[in-house]
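In: Only the shape, not the letters, is given here:
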């Protein structure tokens with residue numbers, strides 16, 4: 001689906017450039033955009049690599065397991081039918097901790113693993129909506145990618161957005177979970 005959206009956007013951009021005689025501008029925009037993309041990747045990759053390594057060390061040392069045990073009572077309420085299924089709760093915890101640390105790239109594999117385990121246990125339909133809301137609105141203590149991006153673009157105070165991000169994430173997370181619990185047996189389960 002995403003591929004089709006991109007194809008439509010590219011085709012419509014090309015079509016508009018031809019009609020408006022702006023092919024030079026389109027070519028320049030393509031070259032500048034790719035140059036900027038490479039620069040952003042280079043500027044932020046150090047922070048991402050560092051924090052992904054820290055997350056791997058945390059997993060291997062058992063730190064994420066300790067945090068998982070602290071999160072267990074909350075997860076038992078959010079995922080009541082997974083309460084005794086560590087094969088599901090462990091990747092959910094790792095995903096949650098990775099997101100809290102602002103490592104969405106490191107969170108993706110554990111999120112996929114959690115969804116696969118839910119599907120194996122035939123629990124995906126009842127848990128997908130809560131898991132997706134948790135994933136999308138996760139409270140990030142240190143959004144490493146965003147801070148690295150702000151710093152690379154010259155921000156003198158790259159951390160000043162943190163309190164606003166925390167408040168927004170908390171409100172979004174609680175609102176999303178509340179709505180899912182209210183409409184649990186309605187159309188939300190059918191979406192999953």
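Out: Right, received. Where do you want to start? This one's a predicted model, so the numbers in the text were calculated from it and none came from an experiment. Residues are numbered from 1 along each chain as shown.

In: what about the residue of the chain most remote from its centre, which SS state?
Out: In the chain, the greatest distance from the average C-alpha position (C-alpha atoms, centre = their mean) is reached by residue 21, at 39.6 Å. Look at residue 21: counting by DSSP: H, G, I helix; E, B strand; the rest coil, its state is coil.

In: Check what pLDDT it gets.
Out: The model reports residue 21 with a pLDDT of 88.

In: Quick check: phi and psi at it.
Out: phi 60, psi 50 (degrees, to the nearest 10).

In: got it, and the one 5 residues further on?
Out: Per-residue torsions, residue 26: phi -60, psi -40 (degrees, to the nearest 10).

In: these two touch, right, it and residue 20?
Out: No: counting by C-beta atoms under 8 Å, residue 26 sits too far from residue 20 to count as a contact (9.5 Å). Just so you know, the C-beta spots here come from the backbone N, C-alpha and C atoms, and that holds for glycine as well.

In: Tell me which of those two has more neighbours.
Out: Legend: neighbour count by other C-beta atoms under 10 Å for residue 26 and residue 20, higher for residue 26 (15 against 10).

In: where's the residue nearest to that one when sequence neighbours are not counted, which helix or strand?
Out: Leaving aside its chain neighbours, residue 26 sits nearest to residue 17 (4.0 Å; criterion: C-beta to C-beta, 6 or more residues apart in numbering). For residue 17, the host element (DSSP states H and E) is helix 2-19.

In: just checking, what packs against that helix?
Out: Applying 3 or more C-beta pairs under 8 Å, 6 or more residues apart in numbering; DSSP states H and E, we find helix 2-19 packed against helix 23-61.

In: hang on, the earlier thing: list the contacts for the residue nearest to residue 26?
Out: Applying C-beta atoms under 8 Å, 6 or more residues apart in numbering to residue 17 gives the contacts 23, 25-26.

In: from the residues you listed, which is closest to residue 140?
Out: Proximity of those to residue 140 (C-beta to C-beta) peaks at residue 26, which lies at 36.2 Å.

In: What distance do you get for the closest one to residue 147?
Out: Here the criterion is C-beta to C-beta, to the nearest Å. By it, residue 26 lies 33 Å from residue 147.

In: ditto for residue 59
Out: Counting by C-beta to C-beta - residue 59 and residue 147 are separated by 22 Å.

In: Pull the contacting residues for the closest residue in space to residue 13 that isn't next to it in sequence.
Out: Excluding the flanking residues, the one nearest residue 13 by C-beta to C-beta, 6+ apart is residue 26, at 6.6 Å. For residue 26, the contacting residues are 13-14, 17, by C-beta under 8 Å, 6+ apart.

In: so what does the helix or strand hosting residue 133 touch, helix or strand wise?
Out: Using DSSP H and E, residue 133 sits in helix 124-136. Packed against helix 124-136 by the contact rule (3+ C-beta pairs under 8 Å, 6+ apart) you find helix 86-100, helix 104-120, helix 162-182, helix 187-191.
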